[in-house]
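>>> Provided below are the primary sequence and the corresponding predicted coordinates.
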Amino acid sequence: MAPPGDRPQTEPAPAHAMTVSAEHRGRDVVLTATGELDISTLPKLRGLIRLALVDQPRLLVLDLSELRFISSSGLGLLAGTHREAAPAELRVVAGTEVRRVMAFTDLLEFLNVYSTMEEALTDAG
């Protein structure tokens, strides 16, 4: 076993981490966020949303099915994106935890929320 001074040093993963990715499918854009969406990670997703909207997609899908947590600032981002996305149609894929938080707000009343990516992509609207 190597002495403590000879061991490689690794930094712990941040407590609030989120990864985001984008995928273009013709005129549709799918943005996927995993981890935690809160005030510290929100700028990363907001920037990707704004970049995606520059291309004027027909459909913008936010895949939040792998989020472990969404804060009130994240919910605000969803509401704002709903307004900013027009004329693109916004669809959200959300897991149980995110849906549970959304149930306490009016977001479920005006957002198109789906349980799976397949449903979000195949819904005729």
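Yes, it's here.

>>> distance from the chain centre to stretch 115-125, please.
With Cα atoms, centre = their mean, to the nearest Å as the basis, stretch 115-125 stands 16 Å off its chain's centre.

>>> wait, stretch 105-116
Distance, centroid of stretch 105-116 to centroid of chain: 13 Å (Cα atoms, centre = their mean).

>>> what helix or strand is Glu66 located in?
strand 59-70 (DSSP states H and E).

>>> okay, now the sheet partners of that strand, with direction.
Looking at strand 59-70 with DSSP bridges, its partner strands are strand 28-37 (parallel), strand 89-94 (parallel).

>>> next, the angle from the helix or strand just after that strand to strand 28-37.
Later in the chain than strand 59-70, the nearest helix or strand by DSSP H and E is helix 72-85. Using axes from the mean of the first three to the mean of the last three Cα atoms, to 10 degrees, the direction of helix 72-85 lies 170 degrees away from that of strand 28-37.

>>> mind putting the strands paired with strand 59-70 in TSV, distance to Arg68 and mean pLDDT included?
Quick note: C-beta positions are derived from backbone N, CA and C, even for glycine. As requested, the strands paired with strand 59-70 are exported to TSV (distance: least, Cβ to Cβ, whole Å; pLDDT from 0 to 100):
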stretch	distance to Arg68	mean pLDDT
strand 28-37	6	96
strand 89-94	12	97
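
>>> would you reformat the ones you listed as CSV and include mean neighbour count?
Shown next, in CSV, are the strands paired with strand 59-70 (neighbours: other Cβ atoms under 10 Å):
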stretch, mean neighbour count
strand 28-37, 20
strand 89-94, 22
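
>>> kind regards, and thank you for your time.
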